[in-house]
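> here's my sequence, what's the structure:
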Amino acid sequence: MAAAAVLTVSGCSGDQRSDSSSGDGRPTGSASMPNQIAGVPIPDGQIGDAVAQLDQLADGLLASSGIPGMAVAVIHGGKMMYSKGFGVRDVVTKEKVDSDTVFQLASISKSVGATVVARRIAAGGVAWDTPVRRLLPSFVLADPYVTDHVTIGDLYSHRSGLPDHAGDLLEDLGYDRQQVLDRLRLLPLGPFRDSYEYTNFGVTAAATAVAAAAGTDWETLSQQTIYGPLGMDSTSSRYTDFASRANRADGHVLIDGRYEVANPQRQPDAQSPAGGVSSSVADMAKWMAMVLANGSANGHVLVPPNELLPAISPQAVSVPPKAPDARAGFYGFGFNVSDSAAGRVVLGHSGAFSLGAGTAFTLIPSADLGIVTLTNAGPIGVPETLNAEFADLVQFGKIQQDWRARYREAFKPLAAPTGALAGKQPPADAAPAQPLPSYASTYENAYYGPATVTATDNSLTLALGPRNTTFPLKHWDGNTFVFTPTGENANQGTISQAIFDSGRLTLEYYDNEHLGVFTRP
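Here you go, the predicted structure:
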């Protein structure tokens, strides 16, 4: 390790200091512990060389993927090194993306929200280990012990035992935030603090509790705590603010090989703390600079380091290694935490809306460096690819892997249709259905609410949720019908069975955790 970016193990006793300059943005003259030493140094000028290649990399990704628009920003040493837009905000209007264009962040909202929580902790009355129910008495889960003991941190690190994406299908049906949170008590739980299952509404419950402790709502708390102080004037946790921005990147979906403006657009207010932030790369650069500065901004401590550090430290194993030589992935409180092949801590998060958002940020604290990439198309791995290519150039001076192919393959399953009958044709010798009026009824379900089946002329329709979302039922075979689910979680081509059997209606798409059985009175 010949470069000044690292210290040898023998030179890191408590009072040992480096007197060499650093080429990777780390402050000099400070002691380094063994676990702060990177395996590969970053020579002077290498970060600048990486930034110089971003135009070509971004243009190439935009062209090869066909996505409408993208914006990218890089922060280094507290200063903006790069900020640029590519492509268009809307395929109809053809208005150009720039560094001030506002995108929906999707799940990057969790990381931003974690800094809201961390700053609020400093005000007192709440901590990462505060039980949620102490702040939000209405919050109940299936196990009384978990109900009483699950903390803000448990929910922000996805270790509560709630099942994967708990509550998301309720949101798609039109249930609001409180209605979804109230129904979480009906879900089966995995091992408490010994399992990792990603949950938008688990995070939302924790954030709602923190806002309650502050005597306000989450959206206002976020504005007062982080957005306002950092001068993030184009950032909001309310969808109406995003929809009213003139310089806004609308979400797009791929239909028959072409990107079209999503209709409807993704409206994530119900899970705003987990996915409802909208921002520009110019604003996000200010937030990344604050995180990299250990919570300081404009010469003042905004987020106390003692409260920020737990959020950006491993709290749960999110990706267990599958081989002895594989690195594990970890989750902090709203942040992914990992180690790069160069031996550097990497913080980050991706965000995805199938209705038109793919986002990612990557921070390398030892290099005092961050990149954020926002796009207005469904997730196919473009932001992750650009960030990975840039991180390779920064750490190694060259791109180490074919990240474009790797991420393209990794993201394919996210867009795959679901349902046992997806892509199939009805049997040629299908058994006839019963007379259609015999299926008509209201079928009860405590979690999803009633399912109303109506017979009209020669057809059946199914209505679900508080907005009576209606789905035509098409006969398949005997007492089995099919319908096409809608919403954020229903990928194109998804087909659900609706099976009538002895006074019960089983809706395959909603039968996760065996909750999709509706009973006729």
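> tell me where the stretch 351-500 of the chain has strands.
With DSSP state E, counting those that start in this stretch, the ranges of strands along the stretch 351-500 of the chain come out as 357-364, 369-375, 441-443, 451-456, 459-464, 469-477, 480-483, 496-501.
> tabulate these (CSV), appending distance to Ala106, mean neighbour count and mean pLDDT.
Yep, even glycine has a C-beta here, placed from its N, CA and C like the rest. Below are these laid out as CSV (distance: least, C-beta to C-beta, whole Å; neighbours: other C-beta atoms under 10 Å; pLDDT from 0 to 100):
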stretch, distance to Ala106, mean neighbour count, mean pLDDT
strand 357-364, 5, 28, 98
strand 369-375, 10, 30, 98
strand 441-443, 33, 18, 98
strand 451-456, 29, 17, 96
strand 459-464, 25, 18, 97
strand 469-477, 22, 17, 97
strand 480-483, 27, 22, 98
strand 496-501, 24, 21, 98
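> out of those strands, nearest to Pro41?
Judged by C-beta to C-beta, the one of these that comes nearest to Pro41 is strand 357-364, at 13.1 Å.
> quick one, the closest one and strand 369-375 angle?
Angle of strand 357-364 versus strand 369-375, following axes from the mean of the first three to the mean of the last three C-alpha atoms, to 10 degrees, is 180 degrees.
> from Gly295, how far out is the closest residue to Gly334 other than its chain neighbours?
Leaving aside its sequence neighbours, Gly334 sits nearest to Ala114 (C-beta to C-beta, 6 or more residues apart in numbering; 3.1 Å). Separation of Ala114 from Gly295 (C-beta to C-beta, to the nearest Å) stands at 12 Å.
> thought Gly343 was touching Ile37?
Yes - using C-beta atoms under 8 Å, Gly343 makes contact with Ile37 at a distance of 7.4 Å.
> which one's more surrounded, these two?
Neighbours were counted for Gly343 and for Ile37 using other C-beta atoms under 10 Å; Ile37 has more, 18 against 14.
> need the pLDDT of the more buried one.
pLDDT recorded at Ile37 is 87.
> show me what the one helix or strand the residue nearest to Gly334 maps to is packed up against.
Ala114 is part of helix 108-122, with elements assigned from DSSP states H and E. Other helices and strands packing on helix 108-122, by 3 or more C-beta pairs under 8 Å, 6 or more residues apart in numbering; DSSP states H and E, are helix 152-156, helix 200-213, helix 218-222, helix 272-275, helix 281-292, helix 305-311, strand 345-353, strand 357-364.
> check which element follows the fifth one along the chain.
I take that to be helix 281-292. Toward the C-terminus, helix 281-292 is succeeded by strand 296-297 as the next helix or strand (DSSP H and E).
> what of the shortest one?
Reading on from helix 272-275 to the C-terminus, the next helix or strand found by DSSP H and E is strand 278-279.
> and that following strand, how far out from the chain middle?
13 Å (C-alpha atoms, centre = their mean, to the nearest Å).
> also stretch 278-296?
Chain-centre distance of stretch 278-296: 17 Å, with C-alpha atoms, centre = their mean.
> looking at the strands of the stretch 351-500 of the chain, spot the one closest to Gln53.
Comparing the strands of the stretch 351-500 of the chain by C-beta to C-beta, strand 369-375 comes nearest, at 12.2 Å.
> skipping adjacent residues, who's closest to the residue nearest the centre of the chain in space?
Residue closest to the average C-alpha location in the chain (C-alpha atoms, centre = their mean): Ser107, at 2.1 Å. Sequence neighbours aside, Gly351 is the residue nearest to Ser107 in space, at 4.0 Å (criterion: C-beta to C-beta, 6+ apart).
> same question for Gln104.
Nearest to Gln104 is Ala357, by C-beta to C-beta, 6+ apart, at 4.5 Å.
> what of Val203?
If the residues on either side of it in the chain are set aside, Val203 comes closest to Ala274, at 4.3 Å by C-beta to C-beta, 6+ apart.
> got a list of what that neighbour touches?
Ala274 makes contact with 107, 109-110, 113, 200-201, 203-204, 207, according to C-beta atoms under 8 Å, 6 or more residues apart in numbering.
> at 6 Å what do you get?
Neighbour list for Ala274: 109-110, 200, 203-204 [criterion: C-beta atoms under 6 Å, 6 or more residues apart in numbering].
> kindly report the same for His349.
Neighbouring residues of His349 by C-beta under 6 Å, 6+ apart: 108, 111, 336.
> is it possible to get CSV of the residues you listed that adds neighbour count?
Formatted as CSV, the contacts of His349 follow (neighbours: other C-beta atoms under 10 Å):
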residue, neighbour count
Ile108, 28
Ser111, 26
Asn336, 22
